[in-house]
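1. What shape does this take:
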Amino acid sequence: MTKILAINGSYRDNGITDQGVEALVNALELAGADVDLILLREHPIEFCLNCRECTQMPGDSPGICVHNDEMKDLIKKIEQADAYIFASPTNFGSVTAIFKRFMERLVVYAYWPWDKNYPELRKRNVQKKKAVLVSSCAAPGIIGRLMFGIRKQLKITAQTVGADTVGTLFTGLIANTPKQTLPANVQKKIQILAAKLL
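-> The predicted structure is shown next:
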């Protein structure tokens, strides 16, 4: 059974990003996948200290962070998963602050000893897993994808943990009403993305 880890950086219960992730999770579970959904708003993690303690030891396994918080369990789940969903709505042209905090803590996936000028990703030489990216924004979808950096940030997250992005669900024009619902035409794309992830 395929184990999929979904990490959602949305702040709001049942917003468009939540709805997109939940629809994708439902499609994957109907196809027989085992999906673990993590809402970052329910998993407080500390800020990265930029101490680089976790980056000093070589190898494919993630380094050990000096913080002893919930990120430790998230790293374990990342390591055990076969594929991923990374999700965040667009806030000020970027991922949310809680997703960015999560991203920064992924430095454990870098080997960066003090005598090197730049880090190497620990998972660069391992067999790649798959990832689907989910986001939403107030602008029309195509404009949001082109003008904002969120897709790139989500893609970097996938690359860091050793995954190739196989598809993106990006829903635009989500700020027209206070209780927006996922557009009906998105369901077809969700089925396609679920199949790609499996």
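2. Now do the helix or strand where residue 99 lies: distance to the chain's middle.
-> Secondary structure from DSSP states H and E places residue 99 in helix 97-105. Relative to the centre of its chain, helix 97-105 is centred 10 Å away, using CA atoms, centre = their mean, to the nearest Å.
3. packing partners for the next helix or strand after it?
-> Going down the chain from helix 97-105, the next helix or strand is strand 110-111, by DSSP H and E. Secondary-structure packing of strand 110-111 (3 or more CB pairs under 8 Å, 6 or more residues apart in numbering; DSSP states H and E): strand 120-121. C-beta coordinates here come from the backbone N, C-alpha and C atoms, glycine included.
4. pLDDT (mean, whole number) over the next helix or strand after the strand it packs on?
-> With elements assigned by DSSP H and E, the helix or strand that comes after strand 120-121 is strand 129-136. In this model, strand 129-136 has an average pLDDT of 95.
5. follow-up on the earlier one: counting by contacts, list what the helix holding residue 99 packs against.
-> Applying 3+ CB pairs under 8 Å, 6+ apart, one finds that helix 97-105 contacts helix 71-80, helix 150-160.
6. pLDDT of the shortest one, averaged?
-> Per-residue confidence for helix 71-80 averages out to 97 on the pLDDT scale.
7. Residues in contact with it: which ones?
-> By CB atoms under 8 Å, 6 or more residues apart in numbering, the residues outside helix 71-80 that reach it are 3, 5, 7, 36, 38, 43, 45-46, 61-62, 65, 84, 102, 105, 108, 161.
8. same thing but 7 Å
-> The contact list for helix 71-80 (CB atoms under 7 Å, 6 or more residues apart in numbering) reads 3, 5, 36, 38, 43, 45, 62, 65, 105, 108, 161.
9. Ranking the helices and strands packed on helix 97-105 by mean neighbour count, which comes first?
-> Most buried of the helices and strands packed on helix 97-105 by mean neighbour count (mean count of other CB atoms under 10 Å) is helix 150-160; its value is a mean of 19.
10. Give me the contacts around it.
-> With CB under 7 Å, 6+ apart as the test, helix 150-160 has contacts from 84, 86, 88, 90, 94-95, 103, 106, 109, 121, 131, 133, 135, 145, 165, 168.
11. Just say helix, strand or coil for residue 165.
-> On the three-state scheme (DSSP: H, G, I helix; E, B strand; the rest coil), residue 165 is labelled strand.
12. and what of the one 10 residues further on?
-> Three-state assignment for residue 175 (three-state DSSP): coil.
13. Just give the number of residues close to it.
-> 12 (other CB atoms under 10 Å).
14. Flag the shaky bits of this protein, pLDDT-wise.
-> Residue ranges of the chain with pLDDT under 70: 140-147.
15. one step back: would you turn the contacts of helix 71-80 into JSON lines with distance to residue 27?
-> Converted to JSON lines, these look like this (distance: CB to CB, whole Å):
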{"residue": "3", "distance to residue 27": "16"}
{"residue": "5", "distance to residue 27": "16"}
{"residue": "36", "distance to residue 27": "15"}
{"residue": "38", "distance to residue 27": "18"}
{"residue": "43", "distance to residue 27": "24"}
{"residue": "45", "distance to residue 27": "28"}
{"residue": "62", "distance to residue 27": "29"}
{"residue": "65", "distance to residue 27": "34"}
{"residue": "105", "distance to residue 27": "29"}
{"residue": "108", "distance to residue 27": "31"}
{"residue": "161", "distance to residue 27": "22"}
